[in-house]
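Asker: Quick check, what structure comes out for this input:
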Amino acid sequence: MQSRLLILFCAAVIAVATATLSPAQTITPTPTGTPTATPTPTISPSPSATPTPSATPTPSAVPTPSIVPTPSVTPSPSITPTPSGSPTPGVTGDALVNISTRAQAETGEDVLIGGFILGNGTSSKNILVRALGPSLGARGVLSPLLDPSLQVFDSSGQLIASNNDWMSNANEQAIVDSGLAPTDPRESAILISLAPGTYTAVVTGVDGTTNNIALVEVFDLDSTNPPQLVNISTRALVDVGEAQMIAGLIVGGTTPEAIVVRGLGPSLGEAGITNPLPNPSLTIFNSSGLAIASNDDWQDDPNSSSVQAIGLGPTNTLESAILLSLSPGNYTAILSDTTGTTGVGLVEVYNVTTQ
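Answerer: Below you'll find the predicted structure:
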């Protein structure tokens, strides 16, 4: 099931990667076909290596939602990066409990697009998606997105939920009861029951290029039962300083999980992105802010052969990939360019424990 979803997700990214999003447009996502099942996820040389969800979302004119980023923005042991600074839902299973990415939310191909996959199950479950911005200012971000909004699409590119100010939700009290309500009324949240599949969350805003740092987060409110979060992939403009892309994850339960983190850039150019990040580099930190792994060119990673074997080897040698076993806890992956160049990058987190 998971491999079917990954292939679907990969095939769908072509539409997302070539999407031209602007706050004033209406989302016209492009449906994707049904892939043929394969034993392991197969990443093709095109955007399939960049599993951003299938939708070709062109968000309507609504303020961009932001997300609670990590406490610090500089990739050094002192940053003490955490995925979101948010509470972890109650009892957790051996799975990804929370996956989040902080990056710039701009317009056009520089819009912030977060995709995620629910797999390893057949029933529906409650998922909470947040887009934070104003509250990031209290965490030290100098240019947070001031009025974010959020849209969620299914694998066919259909808009299934949207929100501007989270307190306007009909299920506002349920969001409060989850313990994950945003702290600023301008921020966005969607609590929704989702079946297994691939989904896209698009964060947009009206702040242009002046205030644009946002955080997109996905929480599994019942990680003890399937389906479970198996992937998040986020595409955005990557810069230096607080404009680096920061992906966070929480591993729940009591046993380690096998996780692959990828940082893509050059292959996005093959998918039609005009300004791809030329030479992405990844650094992973634990909850104490200590760097536990780093990679520039993925084939230099000690576990590169295993990454290739499970079908997640990037198609470009300049891209990054790290496979490691993570004990339960909070982790942060920072994506930047080795030369400090600006460009559109994609950061991905996969739970490959069962593969």
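Asker: rest of the way, CA atoms for contacts and neighbours
Answerer: OK.
Asker: quick one, helices of the protein?
Answerer: In the chain, the helices defined using DSSP state H lie at 2-17, 172-177, 266-270, 304-309.
Asker: Distance from the third one to the middle of the chain?
Answerer: Between the mean C-alpha location of helix 266-270 and the chain-wide mean there is a distance of 18 Å, by Cα atoms, centre = their mean, to the nearest Å.
Asker: got any ranges where the protein has weak pLDDT?
Answerer: For the chain, the stretches with pLDDT under 70 are 1-93, 206-210.
Asker: Strands of the stretch 151-300 of the chain, start to end?
Answerer: Listed in chain order, the strands of the stretch 151-300 of the chain (DSSP state E, counting those that start in this stretch) span 159-163, 188-194, 197-204, 213-220, 228-238, 245-251, 257-264, 280-285, 291-295.
Asker: List the contacts of the nearest residue to residue 104 once chain neighbours are set aside.
Answerer: Spatial nearest neighbour of residue 104, chain neighbours left out: residue 213 (4.5 Å); criterion: Cα to Cα, 6 or more residues apart in numbering. Contact partners of residue 213, counting by Cα atoms under 8 Å, 6 or more residues apart in numbering, are 66, 102, 103, 104, 105, 133, 141, 143, 144, 145, 243.
Asker: and which of these is nearest to residue 249?
Answerer: For these, the closest approach to residue 249 (Cα to Cα) belongs to residue 102, at 11.6 Å.
Asker: circling back: looking at the strands of the stretch 151-300 of the chain, which is closest to residue 303?
Answerer: Of the strands of the stretch 151-300 of the chain, nearest to residue 303 by Cα to Cα is strand 257-264, at 10.0 Å.
Asker: Tell me the strands beside that closest one, with direction?
Answerer: strand 320-326 (antiparallel), strand 343-351 (antiparallel) (DSSP bridges).
Asker: for those, which one ends up most surrounded?
Answerer: Most buried of these, by mean neighbour count (mean count of other Cα atoms under 10 Å): strand 343-351, with a mean of 26.
Asker: List the beta-bridge partners for the closest residue to residue 287 other than its chain neighbours.
Answerer: Leaving aside its sequence neighbours, residue 287 sits nearest to residue 330 (Cα to Cα, 6+ apart; 5.1 Å). On the basis of DSSP bridges, residue 330 is bridged to residue 250.
Asker: let's have the chain start at 346 instead
Answerer: Happy to do that; since the first residue is 346 now, the last one works out to residue 675.
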